[in-house]
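*Asks:* Sequence and predicted structure, then a few things I'm wondering about:
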Amino acid sequence: MNRDAPPAALVAAATRAWQQAYAPYSGFRVGAALLADDGRIYAGANVENASYGLSRCAEQSAVQAMASAGARGFESLVVVTDTDPPASPCGACRQVLHEFAPQAEVWLVRLGGEAQLRTSVDALLPGAFDLHDSHTADARSGPDEPG
Ligand SMILES: [Zn+2]
């Protein structure tokens, strides 16, 4: 997982998500895409709300899509913004990312791909709140087989 550039498929998916962002209040679009343990790519965009506190970040949207599909981890995440340097996940998103992939690499990419910063979930959130070793190990595994 030591790459010089973000996975192109993730950049493309995050860019598509960026285009779909719903940000009429802030005007700040964010797209995110992750490569999950099931081999699939899940993407998300920020989705704002007139009641500002209900707005959802792109990173959280991507994680929700992944978990809703039954995947329980990811190895890489790309976040696309049109800022230079590219924006970093907010504190709440860092905790959400840590829930499923504390070791994952995180790429912060400027729209168009010119600026790319590589980090990791661990580096973004040292000392994260984590109950996995004690209470929620069962809940973290994949969905139960039917029947
Ligand atoms: Zn966030």
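*Replies:* Right, received. Where do you want to start? Remember, it's a predicted structure, so these values are computed and weren't measured experimentally.

*Asks:* What residues does the protein have near the ion?
*Replies:* 57, 90, 93 (C-beta under 5 Å from the ion). Bear in mind the C-beta positions are built from the backbone N, C-alpha and C, glycine included.

*Asks:* Please repeat the previous calculation with a cut-off of 6 Å.
*Replies:* 57, 59, 89-90, 92-93 (C-beta under 6 Å from the ion).

*Asks:* measure the residue nearest the centre of the chain to residue 83 for me?
*Replies:* Centroid-nearest residue in the chain: residue 59, 3.4 Å away (criterion: C-alpha atoms, centre = their mean). Noted for residue 59: a distance of 15 Å to residue 83, by C-beta to C-beta, to the nearest Å.

*Asks:* Count the residues that sit near residue 117.
*Replies:* Residue 117: 14 surrounding residues under other C-beta atoms under 10 Å.

*Asks:* Would you mind writing the CA trace of the one helix or strand it maps to as PDB?
*Replies:* Using DSSP states H and E, residue 117 sits in strand 116-120. The C-alpha coordinates for strand 116-120 follow below in PDB (Å, rounded to 0.1, in the frame of the first residue of the first chain):
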ATOM      1  CA  GLN A 116      -2.000  15.000  -4.300                       C
ATOM      2  CA  LEU A 117      -1.200  14.400  -0.600                       C
ATOM      3  CA  ARG A 118      -0.900  11.000   0.800                       C
ATOM      4  CA  THR A 119      -1.700  10.200   4.500                       C
ATOM      5  CA  SER A 120      -3.500   7.600   6.500                       C
END
